[in-house]
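S.K.: build me a model:
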Amino acid sequence: AGVASPRADAELLAAHLLCVERTKLMMVPLVDPPVIEALRELVRQRAARVPLQHLTGTATLGDVVLSVGPGVFVPRPETELLLAWGLSALDGVSDPVVVDLCTGSGALALALAHARPDASVHAVENDPSALSWVRYNANRQARQGDTPILLYAADVTDPTILHEVEGSVDLLVCNPPYVPEGTPVPPEVRNHDPHDAVFAGRDGLDVVRHVVAAAARLLRPGGAVAIEHDDTHGGSVPALLRAQRVFECVEDHVDLAGRPRFATARRSSADSPQRE
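M.R.: Below is the predicted model of the structure:
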């Protein structure tokens, strides 16, 4: 199969080259031959399945434009639904404490910080290349006036991460690697997204298990968690949340195509650990 939306991608590449919005392409007068040649080369690369976002250098989540490229996972439109759920979970919560595990380019952390300037947002990433991208994006957002996020070079499998906010987090979000090893994926993913940002063991749950455990430890009573997952995980991720026995209101949510895409829960007030 070829590129799913060739016309749209070609128009987006042209708009990128001409520094105009896609909707205003028809208003651009005749362009010089070098621009046409540059567009021809970009279209050739896209036809070769180089990700559109690598060619434009940007991806968007919420109201934040992120720089992306080789070495970092490209945010997907599906994650917009998780972002919206997370923001709704913070309604009525002032000065919330937010955690984004497996932050990658910083997409969820920075989108949440932009939408909620009163939030204290903690983002965790362990890959050196991804850390370079999120630092770049975070610095740019801070220069533009957003509340700076707190970035940690750490591994979600470490049971001591973020111990300083243990039991006080209002919202934990995560878009982890979740594709089962061996699953066929498009060339854009196979050849350009970092392998460890996509695949997570035989069942795709190797990282999610640690995320669920971290949420049980970090969330305050009533705090919310949202975890993106593979479309084969509509039963298994909610089951992992229920198995912790400290979560309630466990639900699974579908994406715009109707496929299972992310699970949510609340930390119950009952069975809360005794704190010194």
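
S.K.: so the residue lying closest to residue 125 once chain neighbours are set aside is in which element?
M.R.: By the measure of Cβ to Cβ, 6 or more residues apart in numbering, the closest residue to residue 125 outside its immediate chain neighbours is residue 103, 4.8 Å from it. For glycine as for every other residue, the C-beta is placed from the backbone atoms N, C-alpha and C. Of the helices and strands defined by DSSP states H and E, none includes residue 103.

S.K.: and residue 103, what is it in contact with?
M.R.: The contact partners of residue 103, by Cβ atoms under 8 Å, 6 or more residues apart in numbering, come to 109, 123-125, 130, 134, 151.

S.K.: among those, which lie within helices?
M.R.: Secondary structure from DSSP state H places 109, 130, 134 of these in helices.

S.K.: among these, which one has the most neighbours?
M.R.: Tallying neighbours with other Cβ atoms under 10 Å puts residue 109 at the head of these, with 31 neighbours.

S.K.: what are the bridge partners for residue 60, then?
M.R.: residue 65 (DSSP bridges).

S.K.: got a pLDDT number for residue 264?
M.R.: With respect to pLDDT, residue 264 scores 98.

S.K.: which element, helix or strand, includes the closest residue to residue 212 other than its chain neighbours?
M.R.: Using Cβ to Cβ, 6+ apart and skipping the chain neighbours, the partner closest in space to residue 212 is residue 240 (4.8 Å). Using DSSP H and E, the element containing residue 240 is helix 236-243.

S.K.: what residues of that helix count as buried?
M.R.: Using 16 or more other Cβ atoms under 10 Å as the burial criterion, the residues of helix 236-243 that qualify are 236-238, 240-241.

S.K.: next up, phi/psi of the residue nearest to residue 125, please.
M.R.: Torsion angles at residue 103 (phi, psi; degrees, to the nearest 10) stand at phi -70, psi -20.

S.K.: cool, and residue 170?
M.R.: According to degrees, to the nearest 10, residue 170 has phi -80, psi -30.

S.K.: count of residues packed around it?
M.R.: Residues near residue 170, counting by other Cβ under 10 Å, number 23.

S.K.: which residue is the nearest non-sequential neighbour of it?
M.R.: Distances taken as Cβ to Cβ, 6+ apart place residue 96 nearest to residue 170, at 4.0 Å, with adjacent residues excluded.

S.K.: my read: the one you found touches residue 115, true?
M.R.: No - using Cβ atoms under 8 Å, residue 96 is not in contact with residue 115, being 11.0 Å away.

S.K.: got the contact list for the helix holding residue 240?
M.R.: The contact list for helix 236-243, computed with Cβ under 8 Å, 6+ apart, reads 203, 205, 208-209, 212, 215, 225, 227, 229, 247, 250-252, 263, 265.

S.K.: which of the ones in helices among the contacts of residue 103 lies closest to residue 170?
M.R.: The nearest member of those to residue 170, counting by Cβ to Cβ, is residue 109 at 14.1 Å.

S.K.: contacts for the helix or strand encompassing residue 55 next, please.
M.R.: Secondary structure from DSSP H and E places residue 55 in helix 52-56. Helix 52-56 has contacts (Cβ under 8 Å, 6+ apart) with 9, 12-13, 16, 42, 45-46, 59, 68-70, 74, 192.

S.K.: please check these and keep the buried ones.
M.R.: Applying 16+ other Cβ under 10 Å to the contacts of helix 52-56 flags 9, 12-13, 16, 42, 46, 59, 68-69, 74, 192 as buried.

S.K.: circling back to that earlier point, so between residue 96 and residue 115, which is more surrounded?
M.R.: Neighbours per residue (other Cβ under 10 Å) separate residue 96 from residue 115, with residue 96 holding more: 20 against 17.

S.K.: how far away is the more buried one from residue 242?
M.R.: 25 Å (Cβ to Cβ, to the nearest Å).

S.K.: shaky segments in this structure?
M.R.: 1, 30, 270-276 (pLDDT under 70).

S.K.: ok so, going back, chain center to the helix holding residue 240: distance?
M.R.: Centroid separation for helix 236-243 versus its chain: 21 Å, with Cα atoms, centre = their mean, to the nearest Å.

S.K.: stretch 54-70 too?
M.R.: Relative to the centre of its chain, stretch 54-70 is centred 12 Å away, using Cα atoms, centre = their mean.
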